[in-house]
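Asker: model this:
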Amino acid sequence: MTDLTGNSESAPRDEYIHGHHESVLRSHTWRTVANSAAYLIAELRTGGVLLDVGCGPGTITVDLARRLTPGRVVGLDASTEIIERAAGLAADEGVHNASFQVGDVYALDFADATFDIVHAHQVLQHLADPVAAMAEIRRVLRPGGVFGARDVDYGGVMIAPTIDGLVDWMRVYREVHYWNGGDPDAGRSLKTWARRAGFTEVTSSASVWCFASDAEREWWGESWAVRVTESSFAAHAIESGVADLADLKRMAAAWREWLRDPNGWFGMPHGEILARA
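Answerer: Below is the predicted model:
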């Protein structure tokens, strides 16, 4: 989600680090309930009403809608372009119980107690005030409803083999993420944030994305090789003074070195919560 609050220059940037370059969307469209929201499956009961905050291109949203049929799912994102893309996906897939709209997670345009479930995948890490967003999410949940959130924890990312350019990438990524107002280690903080937002019953879990096969390395490594020089991440790295274009090109080369290595392995841990209203 991008530019969520319209804050002044002196306030936290609250800006989405990646932007919506095609290299970013290629990784986002891989996501499904099975690989990105398995912890939530037991809560998905047919006929429920669900809000998917920060829905992106809509692959998880559409999957959720299928599982909740005849229930209703609303996908919300800050980007008009991405909302149009998500709506197109739902139409192409023949999923008619999912709708999409532009919105602000800090000021949801829904009445109190509207939803049985609110879902947020890889959203809270990008917010300057995740507790305020969670409090607003709690407002729109029905009594007994559940908020499911999952965010990466870059402090626990594991990369093999050790390549200098990827060590630099990890450092630069973290600094740019903080510069944008977010928290790259959000996964470990979800429980604390939820309790501060007023949720009293919070269940935590964790899961890992792993990219190691030839096909996985090719897909993930090439995605990042392009992203590191062409997406909003590159612009933010240069604007913040954390890296220059030559640095970013070295990181792209390191990603391609990694993807060609049959011993290449990348583990990405995530924190998860189910928080009840």
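Asker: So which residues of the stretch 51-200 of the chain form helices?
Answerer: For the stretch 51-200 of the chain, the helices defined by DSSP state H, counting those that start in this stretch occupy 59-68, 80-92, 130-140, 164-179, 190-196.
Asker: Output the ones you listed as CSV; include the columns distance to residue 117, mean neighbour count and mean pLDDT.
Answerer: For glycine as for every other residue, the C-beta is placed from the backbone atoms N, C-alpha and C. Listed next are these as CSV, based on distance: least, C-beta to C-beta, whole Å; neighbours: other C-beta atoms under 10 Å; pLDDT from 0 to 100:
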stretch, distance to residue 117, mean neighbour count, mean pLDDT
helix 59-68, 8, 24, 97
helix 80-92, 18, 16, 94
helix 130-140, 10, 21, 98
helix 164-179, 28, 18, 96
helix 190-196, 15, 20, 98
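Asker: May I see the ones you listed arranged in JSON lines, with distance to residue 248 as well?
Answerer: Shown next, in JSON lines, are those (distance: least, C-beta to C-beta, whole Å):
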{"stretch": "helix 59-68", "distance to residue 248": "28"}
{"stretch": "helix 80-92", "distance to residue 248": "24"}
{"stretch": "helix 130-140", "distance to residue 248": "28"}
{"stretch": "helix 164-179", "distance to residue 248": "8"}
{"stretch": "helix 190-196", "distance to residue 248": "30"}
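Asker: Out of those helices, flag the one nearest residue 50.
Answerer: helix 59-68 (5.8 Å; C-beta to C-beta).
Asker: Can you name every helix or strand that the closest one contacts?
Answerer: Applying 3 or more C-beta pairs under 8 Å, 6 or more residues apart in numbering; DSSP states H and E, one finds that helix 59-68 contacts helix 33-36, strand 49-53, strand 72-77, helix 80-92, strand 98-102, strand 115-121.
Asker: just how off-centre is the shortest one within its chain?
Answerer: The chain centroid and the centroid of helix 33-36 are separated by 13 Å under C-alpha atoms, centre = their mean, to the nearest Å.
Asker: same check, this time on the second one
Answerer: Averaging C-alpha positions (C-alpha atoms, centre = their mean) puts strand 49-53 15 Å from its chain's average.
Asker: strands paired with that strand, and their directions?
Answerer: With DSSP bridges as the test, strand 49-53 is paired with strand 72-77 (parallel), strand 115-121 (parallel).
Asker: Centre-most residue in this structure?
Answerer: Geometric centre of the chain, nearest residue: residue 122, 2.0 Å, by C-alpha atoms, centre = their mean.
Asker: is it true that residue 175 touches residue 240?
Answerer: Yes: shown here, residue 175 and residue 240 form a contact pair, counting by C-beta atoms under 8 Å, at 7.1 Å.
Asker: mind checking the SS state of the residue nearest to residue 225 when sequence neighbours are not counted?
Answerer: Closest residue in space to residue 225, ignoring its immediate chain neighbours: residue 255 at 4.0 Å, by C-beta to C-beta, 6 or more residues apart in numbering. Residue 255 carries the three-state label helix when classified by DSSP: H, G, I helix; E, B strand; the rest coil.
Asker: Against residue 248, how distant is residue 255?
Answerer: 11 Å (C-beta to C-beta, to the nearest Å).
Asker: List the buried residues in the helix or strand where residue 233 lies.
Answerer: In this structure, residue 233 sits in helix 232-240 according to DSSP states H and E. Residues of helix 232-240 classed as buried: 232-234, 236-237 (neighbour count, 16 or more other C-beta atoms under 10 Å).
Asker: now stretch 258-274: mean pLDDT?
Answerer: Averaging pLDDT along stretch 258-274 yields 98.
Asker: wait, doesn't residue 80 sit right on residue 102?
Answerer: Yes: using C-beta under 8 Å, residue 80 makes contact with residue 102 at a distance of 5.4 Å.
Asker: coming back round to it: can you report phi and psi for the residue nearest to the centre of the chain?
Answerer: Per-residue torsions, residue 122: phi 60, psi 40 (degrees, to the nearest 10).
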